[in-house]
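Peer 1: Sequence and computational prediction follow.
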Amino acid sequence: QVRLVESGGGVVQPGGSLTLSCAASGIDFSVFEMTWYRQPPGKRRELAASITKAATRNYADSVRGRFTISIDVAKNTVYLQMNSLKPEDTAVYYCNALKWDWGRRNEYWGQGTQVTVSS
């Protein structure tokens, strides 16, 4: 059974840093693509960062150079290191796992963790 549990959110001042964690059970990272999405207040959910099963990383333009996505296979955990945070990074951050089986999309979501960047 797949389960994704995010943690590490909180309130931080502009320019600060946070590291989000996604504890992933029932996930084989060799077949799943892992993504951090975020949903700012009053806006649609958007991709922040992703890492493919081949370890290719992709970032939204708004976070490239400030955020880093990584996986610790031994700990079954996906991380999002966020530096130089801005007020516009305020959002609920969600962990997502995706794989394709014979053309069928298999997707899982965590419950989300709130990040607030404010002075």
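Peer 2: Here it is on my side, so go on.

Peer 1: what about the residue nearest the centre of the chain, which helix or strand?
Peer 2: In the chain, the C-alpha nearest the mean C-alpha coordinate belongs to residue 36, at 2.2 Å (C-alpha atoms, centre = their mean). Per DSSP states H and E: residue 36 is located in strand 33-39.

Peer 1: in the protein, which spans are strands?
Peer 2: 3-7, 10-12, 18-25, 33-39, 46-51, 57-59, 67-72, 77-82, 91-101, 104-109, 113-117 (DSSP state E).

Peer 1: rewinding a little: tell me the contacts of the residue nearest to the centre of the chain?
Peer 2: By C-beta atoms under 8 Å, 6 or more residues apart in numbering, the contact list for residue 36 reads 20, 22, 47-50, 69, 78, 80, 93-96. All C-beta spots, glycine's among them, are computed from the backbone N, C-alpha and C.

Peer 1: Which of these has the largest number of neighbours?
Peer 2: Of all the contacts of residue 36, the highest neighbour tally under other C-beta atoms under 10 Å goes to residue 78, namely 29 neighbours.

Peer 1: doesn't residue 34 make contact with that residue?
Peer 2: Yes: Residue 78 is in contact with residue 34 according to C-beta atoms under 8 Å; the separation is 4.8 Å.

Peer 1: Between those two, which contacts overlap?
Peer 2: With C-beta under 8 Å, 6+ apart as the test, residue 78 and residue 34 both reach 22, 24, 51, 69, 71, 95.

Peer 1: Now do the strand holding residue 36 against strand 3-7, angle only.
Peer 2: 50 degrees (axes from the mean of the first three to the mean of the last three C-alpha atoms, to 10 degrees).

Peer 1: Between strand 77-82 and strand 33-39, find me the angle.
Peer 2: Using the same axes, to 10 degrees, strand 33-39 lies at 40 degrees relative to strand 77-82.

Peer 1: could you give me the average pLDDT of strand 33-39?
Peer 2: Strand 33-39 carries an average pLDDT of 98.
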